[in-house]
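**Student:** sequence plus the predicted model coming up.
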Amino acid sequence: MDLITQLKRDEGLRLHAYPDPLTHAEPWTIGYGHTGDVKKGDLITEHQAEQLLLLDIDKHKKELEKSLPWVCILDDARYGCLLNMAFNMGIPKLLKFKNTLKHVECARYNDASEGMLDSLWAKQVKDRAIRLSKQMRTGEWH
């Protein structure tokens, strides 16, 4: 597995804009979890969704590496785990996982995995959090 495959599974593809599932309001989302310049009534093609996904991954990589430069030394699966989380909740909310991120930085992956599961985010995304916490713990894609 890789990040693109994982995000496609976790985000799902929606070609029609839809409101935030928690608030039923803004931000509007389209494609594979793309937000920002999306408004009610927007419609895209599958090709456009693929292009937006690649742009969003690149944007999140840059933001993650700027905020947490040490992520560059992580193995692909753990780096991908943090990118997936950033993609899902945004960098500002990810950065609030202070203890979990400190555990990752110090290679305490079991503790990081437990911290991920002990969060409101995990309650909201359920199976995604379980898979990503296992990925953090094992260093293998899930």
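**Tutor:** Yes, it's here.
**Student:** now the element after the helix ranked longest in the chain, going C-ward?
**Tutor:** If you go by DSSP state H, the chain has its longest helix at helix 46-67. Using DSSP states H and E, the next helix or strand after helix 46-67 towards the C-terminus is helix 76-89.
**Student:** residues making contact with that next one?
**Tutor:** With Cβ atoms under 8 Å, 6 or more residues apart in numbering as the test, helix 76-89 has contacts from 2-3, 6-7, 10-11, 33, 56-57, 60-61, 63-64, 68, 71-72, 74, 94, 97, 104, 109, 116, 121, 125, 128, 132, 135-136, 138-141. C-betas here are computed from N, CA, C, even on glycine.
**Student:** from those, keep the buried residues only.
**Tutor:** The neighbour-count test (16 or more other Cβ atoms under 10 Å) marks 3, 6-7, 10-11, 33, 56-57, 60-61, 63-64, 68, 71, 74, 94, 97, 104, 109, 116, 121, 125, 128, 132, 135-136, 141 as buried among the contacts of helix 76-89.
**Student:** contacts only, for D111.
**Tutor:** D111 sits next to T100, H103 when contact means Cβ under 8 Å, 6+ apart.
**Student:** find the helix or strand that it is a member of.
**Tutor:** Using DSSP H and E, the element containing D111 is helix 109-117.
**Student:** which strands or helices does the next helix or strand after that helix pack on?
**Tutor:** Per DSSP H and E, the first helix or strand lying C-terminal to helix 109-117 is helix 120-125. Using 3 or more Cβ pairs under 8 Å, 6 or more residues apart in numbering; DSSP states H and E, the elements in contact with helix 120-125 are helix 76-89, helix 127-138.
**Student:** so the last one versus helix 76-89, what angle?
**Tutor:** It refers to helix 127-138. 150 degrees (axes from the mean of the first three to the mean of the last three Cα atoms, to 10 degrees).
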